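Engineer: Okay, structure incoming, though there's no sequence with it:
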DNA sequence: CGACAAGCCGGAAACGTTTCCAGTGCAGGC
DNA sequence: GCCTGCACTGGAAACGTTTCCGGCTTGTCG
């Protein structure tokens, strides 16, 4: 709790000027001898540069904000981790902010950026309108948008082709012989909701001959499990006579809701009704039945966004870029009961795919052998074309 | 992207001095007329005070760090949300930091606090040793510890009685007639691991007559699902002749791993083996079977920690306090197949217990009725029995 | 009518850092 | 021997804000 040591004190102790001391510690152009002297003094006093003073002078805070509607969704947690992993080694701290799910509250957040406490903003807006685009365009700090191309606004962005992604899910269901496919979507006025609806419609049209128009969509109030249960009940109730044999959900959380609703009717997944999700989240992998899901590369999107951010944060003149991350389908038990679950393959070999944290101590010695076929994160490496199915 | 407007510019525009301008905007002692004039100028220029300049002058950053071993665990996400909800209205931003799971990396993090970019630190260390306690004690900013009383170090802390908590789980299993109860713990050198082991041992001793010593414990490498599966396999394998009829896990994630391992053997949950978890996380509530779990009041702990932090952040002289949050058992399907799941009660009445984010728009009108027995956060109220931990 | 207080304002200092600029000392080249 | 250039150093300014302090005006009370 003792008050912090300042550079001036180090300078005094080292018998050097403030300027030289600063140079010796962080800059260049100091004699080796001076560096040595100052280092010693600094160590002795336990000096650590004050982030605020430095920020004021340099005009940079080394903080990046990541703003998201609801951190409760595991997909955002995964993004956050990935962002942190890229930013941290570069000396940036990551701030998590909550936008709320309306467009106006997101606008407020973007505007608050001119508080200047942050060098950049990575935002994944749920709902986007012109006013938000405008606010982003004239934000006083660089912005990177996840989820929707911002080319026209001259802002860097990372997007996925979730429309095609859901197409893969529908084709997969079709390949399995399912013909009465329902779509469980989130609110249509959200960016993902709208895009995924288009994707489903396109896929349904493409397969219209086989499906005979037997497709139906239902919209949940929210991209959450509870909203999913409620909406899935409605969806299923509409097809009581000729039962649906598959539900494609716009989200892993909705998918889990759907599974629950299916089971309430005494039906089985995937026996009676096959279910697919989107996002390939941890919760879906762990659920029983494990969830067949379209990976939109959450971690990869996070990493890409963080890298784009570094580009513009380090060099304001750097032109905006648009990055697209591929999608891929991970087939699991919720559509194919026989799908081997890479998560829990061989007894004793369950190295967590996402290597939670630093290795650390603890009895991990038994992993020393030639770890066989570590279950790679489904869509992690060279599969961004989303082949995979079947 | 235009460069930001400064207070000096506002002052010029308003034809007032820098001092008066500052007072008019944020301080007191300015004439109403002056306030009006300055306000107008500020609005005209879209002025917003620079956080850095202010921080430097005031010696406060209005940022609080929340540090945690692994943000992948949903219980930490819940805490984070709760902390944010308390801090945000008070004008503080929340930074999420990752400690890694070793004690030394946590020490590094605590030491980094004298970078001065933050007014306080809320930390939930996984492993704690004397050096960490020492580092926390002499941190240059106030620290609040979640998970372990820090009374002796003169540091505020929030803890739960997880030892009793697990006792409740064991007694619950016993009440259900289960007699061969296994304990699936996380690493014993972690704080929760050690405490929960003691709790289980005590409960087992208490019921020893009935259980006839038929208790066994197994330790997972980690508090994760995958580690849980592996360890649960070992645990179950040890009791092949006389099968376990219940597993109490130290964690919801471990419990889910246990369920998976049980089912691998062709056994059912809870029919053959009942399973309980700890933390009462969203993932456990949503899982099928939904997970009977001991709530340690994650949200409440987060809120309490945030409030303690506000106390000391606003007044450095404020004495350290210890708060204890109660625990409670939520019985669900993983022990009692008939347990009504409040999460998905009546069709159309699925109000999520934790009201994810701001109400926002959307058709939520059907929630207007006398919301039926909203599953209140188990141990939310009478908690601040903050008298020192014995 | 004078003295005093209260209310308000502006100048200036301060927070801790980096960096520009001028100055010093020294070596080397002519 | 003198000048040029290099390597390094220290003084001072600057980043944007809040706040202390002294001074001015105005109002009130004696």
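Structural biologist: Good, I have the coordinates. All figures in this text were calculated on a predicted structure; none of them were measured in a lab.
Engineer: Which stretches in chain A count as strands?
Structural biologist: Per DSSP state E, chain A carries strands over the ranges A:63-68, A:93-98, A:120-124, A:143-146, A:156-160, A:181-185, A:215-219, A:246-249, A:274-278, A:292-295, A:322-325, A:328-330.
Engineer: how much space is there between residue A:52 and residue A:211?
Structural biologist: Counting by Cβ to Cβ, to the nearest Å, the gap from residue A:52 to residue A:211 is 61 Å. For glycine as for every other residue, the C-beta is placed from the backbone atoms N, C-alpha and C.
Engineer: do the same with residue A:18
Structural biologist: Counting by Cβ to Cβ, the gap from residue A:18 to residue A:211 is 75 Å.
Engineer: Double-check residue A:140 against residue A:116; I have them as touching.
Structural biologist: Yes - between residue A:140 and residue A:116 there is a contact under Cβ atoms under 8 Å: 7.4 Å.
Engineer: shared neighbours of the two, anything?
Structural biologist: Taking Cβ atoms under 8 Å, 6 or more residues apart in numbering or on different chains as the criterion, residue A:140 and residue A:116 both touch residue B:4.
Engineer: For DNA strand C, what is the nearest residue in the stretch 151-300 of chain A?
Structural biologist: residue A:156 (25.2 Å; Cβ to the nearest atom of the strand).
Engineer: Likewise for the stretch 251-390 of chain A?
Structural biologist: residue A:314 (13.4 Å).
Engineer: who's in contact with the residue most central in space within chain A?
Structural biologist: In chain A, the residue lying closest to the centroid (Cα atoms, centre = their mean) is residue A:79, at 2.7 Å. Counting by Cβ under 8 Å, 6+ apart, residue A:79 makes contact with A:66, A:68, A:124, A:146, A:298-299, A:301-302, A:305.
Engineer: at 7 Å what do you get?
Structural biologist: A:298, A:301-302 (Cβ atoms under 7 Å, 6 or more residues apart in numbering or on different chains).
Engineer: So residue A:194 is in contact with residue A:186, correct?
Structural biologist: No - with contact defined as Cβ atoms under 7 Å, residue A:194 does not count as touching residue A:186 (9.7 Å).
Engineer: Counting neighbours, go ahead and name the busier of these two.
Structural biologist: Set side by side, residue A:194 and residue A:186 show more neighbours around residue A:186, with 26 against 18, by other Cβ atoms under 10 Å in any protein chain shown.
Engineer: Hmm, the more buried one is touching residue A:250, no?
Structural biologist: Yes - look at residue A:186 against residue A:250 with Cβ under 7 Å: they come within range, at 5.2 Å.
Engineer: Which neighbours do the two have in common?
Structural biologist: Residues touching both residue A:186 and residue A:250 (Cβ under 7 Å, 6+ apart): A:192-193.
Engineer: Pick out whichever of residue A:18 and residue A:211 has more residues nearby.
Structural biologist: Neighbour tally, residue A:18 and residue A:211, criterion other Cβ under 10 Å: the higher count belongs to residue A:211, 19 against 13.
Engineer: what about that one, distance to residue A:242?
Structural biologist: Distance from residue A:211 to residue A:242, by Cβ to Cβ: 12 Å.
Engineer: quick revisit: so what's the residue count around the residue of the stretch 151-300 of chain A closest to DNA strand C?
Structural biologist: 26.
Engineer: In contact with the closest residue to residue A:119 other than its chain neighbours, which residues are there?
Structural biologist: Once flanking residues are discounted, residue A:119 sits nearest to residue A:313: 5.0 Å by Cβ to Cβ, 6 or more residues apart in numbering or on different chains. Applying Cβ under 7 Å, 6+ apart to residue A:313 gives the contacts A:119-120, A:142.
Engineer: For the stretch 251-390 of chain A, which residues score under the pLDDT cut-off?
Structural biologist: The stretch 251-390 of chain A contains residues with pLDDT under 70 at A:340-390.
Engineer: let's go with 50 and repeat that
Structural biologist: A:346-390 (pLDDT under 50).
Engineer: all helices for it, in order.
Structural biologist: Ranges of helices in the stretch 251-390 of chain A, per DSSP state H, counting those that start in this stretch, are A:252-264, A:282-286, A:298-314.
Engineer: Quickly compare those helices and say which is most buried.
Structural biologist: For the helices of the stretch 251-390 of chain A, the largest average neighbour count (mean count of other Cβ atoms under 10 Å in any protein chain shown) is found in helix A:252-264, namely a mean of 26.
Engineer: Is residue A:223 in contact with residue A:255, as I believe?
Structural biologist: No - applying Cβ under 7 Å, one finds residue A:223 not in contact with residue A:255, separated by 10.6 Å.
Engineer: Give me the spatial nearest neighbour of residue A:90, chain neighbours excluded.
Structural biologist: residue A:310 (6.0 Å).
Engineer: Equivalent analysis for residue A:170, please.
Structural biologist: In space, residue A:170 is closest to residue A:203, 4.0 Å off (Cβ to Cβ, 6+ apart).
Engineer: residues near the one you found, how many?
Structural biologist: Counted with other Cβ under 10 Å, residue A:203 comes out at 25.
Engineer: cool, and residue A:34?
Structural biologist: Neighbour tally, residue A:34, other Cβ under 10 Å: 17.
Engineer: contacting residues for it?
Structural biologist: Contacts for residue A:34 (Cβ under 7 Å, 6+ apart) come out as A:16, A:20, A:24.
Engineer: rerun at 8 Å
Structural biologist: Contacts for residue A:34 (Cβ under 8 Å, 6+ apart) come out as A:16, A:20, A:23-24.
Engineer: pLDDT below threshold where in the stretch 1-150 of chain A?
Structural biologist: A:1.
Engineer: how about the residues of it near DNA strand C?
Structural biologist: A:4, A:6-8, A:18-19, A:21-23, A:25-27, A:47, A:49-50, A:52-54, A:56-58 (Cβ under 7 Å from any atom of the strand).
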